[in-house]
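**Q** coords please:
(2 chains)
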Amino acid sequence: MALLDVQDLTVEFGTRAGTVRAVDRVSFAVDKGEIMGLVGESGSGKTVSCRAMLHLLPAWQVRRASGRAMFDGQDLLTMDDAGLRDLHGRRIGMIFQNPASHLDPLMTIGRQVAEPLIYHQGLGAKEARAEAIELLRQVGIPDPKRAADAYPHQFSGGMKQRAVIAGAVACRPDLLVADEPTTALDVTVQAQILRLLLDLRDRTGLAIILITHDLGVVASTCDAVTVMYAGRIMERAPKQELIRAPRHPYTKGIIRSQPSRAEPGRPLDSIEGQLPALTSLPEGCRFNPRCAHAIAPCRSGEIPLEPVGADHDAACIRWRELQGAAA
Amino acid sequence: MSALLEVRGLEVRYRARGGKGQVYAVNGVDLAIEAGESLGLVGESGCGKSTLGRAILALTPATAGSVQFRGAEILAKNGASADYRRKAQMVFQDPFAALNPRMTVFETLAEVLKVHRLAQPATMPAKVLDLMAQAGLSPELAHRKARTLSGGQCQRVGIARALAVGAELIIADEPVSALDVSIQAQILNLFSRLQQERKLAILFISHDLGVVRYLCRRVAVMYLGRIIEQGAAEAVFAAPLHPYTQSLAAAIPKMEADATVSGAPLGGEPPSPQNIPAGCPFHPRCPQAMDICRVGAPPSAYEVEGRRVWCHLYASHHQVQGAA
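**A** This next block holds a predicted model:
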């Protein structure tokens, strides 16, 4: 059984322009020790799905959050706040793009890393501090004793992200939700943080949902990938399969438009058009206005996610004819 | 043939906050760009690449060195003439912040033409629409306010604004970093087309080596205010010579099915320019550091395989004037 099994997750927001559906019947699963990449552009719903699941969206904004998110037999969506508080930081950790905004500037790093240990495991201040120093050492912070007494402003971006990771994994959670954890970091530091996440997974069997827009990051770290666009899942597959044999024209498009794969001097295969606004989503396949292969049936009705291979699903009615075709 | 833009020994130095010491943001940079050429400037945050771009446009005062545009000195008093202000333009990273949100696309472009007296009221609409077409903006966007445009559309307006004044040199500071992947490729194609059709010279500042490899013929790699390797982009990325370029290239996540995170990523982080290590500034992180690297930086760059490399490892090669 999967550690986390999300079924038909739908999230609607109330806005001045009316109710918008940011996440539309999204299903995915994550196993113990698995790194699942949740890939998409702005407005794809990748962050909203995870935040809705963990009750991290402002209540006044959410008009509806339906479906199921089964974590170890319990539905996160219907769980009360006390139940979630118990899971947060103990069994589910979360890290974010901007580590600075998730650290209290007036509290020492050591104290912040120790906090979940005191709250969840009832450790005394002294024990918790010793444990925090050990955690800081494990995430590769040099001179962890001194670092524990430092304040966030004394840390660089990469060091802050390491400290946030130390806090998130302090209670040995089963699942880590990492929302663009390396986007704000330099490439050499990004490689260090990705290495650290992989090591944590290998050592502790941690499952990770890695939310990212960067296909390179996905290719080098994830086991499975779920591709989202405008609130819906377009395709999901094991990582190698997705990169070698993408089936959805959108996935093909974003892979082919990567400049690192293109030949200099030749035009890049770009996806024309703009991302749709959630207030005016197209009928049928959400990608159809930008898809070079769209035909009349793509423009109306429900386009279901269907199996296209082993563990491989795509939401395209033309995937069979388009095998081998360009984006 | 002399280059369109020639930068020699450029230095931008600030007094550190609190008056303690100096910050060398740009520390003796030499580079040249010819008409119609694209030079990529890559490096991590704090390496001075944006400061260098701004200093070339005289938007940030340089403390030493020279910048020549078509042989004329820009940094001299009254050097940055109105002509240079037209011919050398900047395109920014955050396309929303670079436009007035309450002005329409038409007003934004017409203002530039009016200020520089490049169009009469009668010819204005045709001129603006022509600029929009060149930047790939459909005419129906003319009366949309900037705040209602998407990131990619805003960036096109930013580029059209640079074209409006007849730019010959564009300094583009991370122009696609804030854009979604599916939009990035569109803007890169636009740069590439303009460069070929209008013989635009582009200094393309980016932390994304993949983007630079695709768009630029030559590349300069910066670390702590210095250019440490410069040469043909293809060669630099295929077989980087400087240990820093090697680590940087290895750290880029590869878009391949069997990609992995490199086994031993470069340790540490770039030190702050306020606290540049003695000797070669890269030696504390360098996997190949030798004793000499801790003592002193290379006196100047070496010419290796047609590239300029600022590293002691290549001391047996021919020395060239200036930095890499």
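**Q** Which residue, other than its chain neighbours, is closest to whatever residue of the stretch 101-250 of chain B ends up closest to chain A?
**A** As assessed by C-beta to the nearest C-beta, chain A sits closest to B:Gly210 within the stretch 101-250 of chain B, at 3.0 Å. Using the backbone N, CA and C atoms, a C-beta is placed for each residue, glycine as well. Here the nearest residue to B:Gly210 in space, its sequence neighbours aside, is A:Ser260; by C-beta to C-beta, 6 or more residues apart in numbering or on different chains that works out to 3.0 Å.
**Q** which residues of the stretch 1-150 of chain A fall in strands?
**A** Remark: strands assigned in the stretch 1-150 of chain A by DSSP state E, counting those that start in this stretch are A:4-15, A:18-30, A:35-39, A:62-71, A:74-75, A:92-95.
**Q** Tell me if stretch B:126-135 is near chain A.
**A** No: residues of stretch B:126-135 contacting chain A under C-beta under 8 Å from any C-beta of the partner chain: none, with a closest distance of 14.8 Å.
**Q** List the buried residues for that stretch?
**A** By neighbour count on 16 or more other C-beta atoms under 10 Å in any protein chain shown, the buried set for stretch B:126-135 is B:127-128, B:131-132, B:134-135.
**Q** Next, the contact list for the spatially closest residue to A:Arg137 that is not a sequence neighbour, please.
**A** Of all residues not flanking A:Arg137 in the chain, A:Pro144 sits nearest, at 4.4 Å (C-beta to C-beta, 6+ apart). Residues near A:Pro144 by C-beta atoms under 8 Å, 6 or more residues apart in numbering or on different chains: A:133-134, A:136-137.
**Q** Go ahead and list the helix or strand containing whichever residue of the stretch 101-250 of chain A sits closest to chain B.
**A** Per C-beta to the nearest C-beta, A:Gly216 is where the stretch 101-250 of chain A lies closest to chain B, at 3.2 Å. Per DSSP states H and E, A:Gly216 falls inside helix A:215-221.
**Q** low-scoring stretches of chain A, by residue?
**A** Within chain A, the ranges that satisfy pLDDT under 70 run A:325-327.
**Q** and with 50 instead?
**A** Within chain A, no stretch falls below the threshold (pLDDT under 50).
**Q** quick one: the helices in it?
**A** A:46-53, A:81-87, A:109-121, A:125-138, A:144-148, A:157-168, A:187-204, A:215-221, A:239-244, A:249-256 (DSSP state H).
**Q** Which residues does the longest one contact?
**A** Looking back up the chat, that one is helix A:187-204. With C-beta under 8 Å, 6+ apart, helix A:187-204 has contacts from A:33, A:35, A:139-140, A:157-158, A:161-162, A:165, A:169, A:172, A:176, A:178, A:181-182, A:185, A:206-208, A:210, A:217, A:220-221, B:44, B:207, B:209, B:247-248, B:250-253, B:261-262, B:265-267, B:269.
**Q** now the helices for the stretch 101-250 of chain B?
**A** Taking DSSP state H, counting those that start in this stretch to define them, one finds helices in the stretch 101-250 of chain B at B:105-115, B:124-134, B:151-164, B:181-198, B:209-215, B:233-238, B:243-251.
**Q** Distance check, B:Gly21 against chain A.
**A** 19 Å (C-beta to the nearest C-beta, to the nearest Å).
**Q** That residue reaches B:Ile276, doesn't it?
**A** No: contact criterion C-beta atoms under 8 Å: B:Gly21 and B:Ile276 do not qualify, at 10.1 Å.
**Q** Have a look at the two and say which one is more surrounded.
**A** Neighbour totals were compared for B:Gly21 and B:Ile276, and B:Ile276 leads with 17 against 12 (other C-beta atoms under 10 Å in any protein chain shown).
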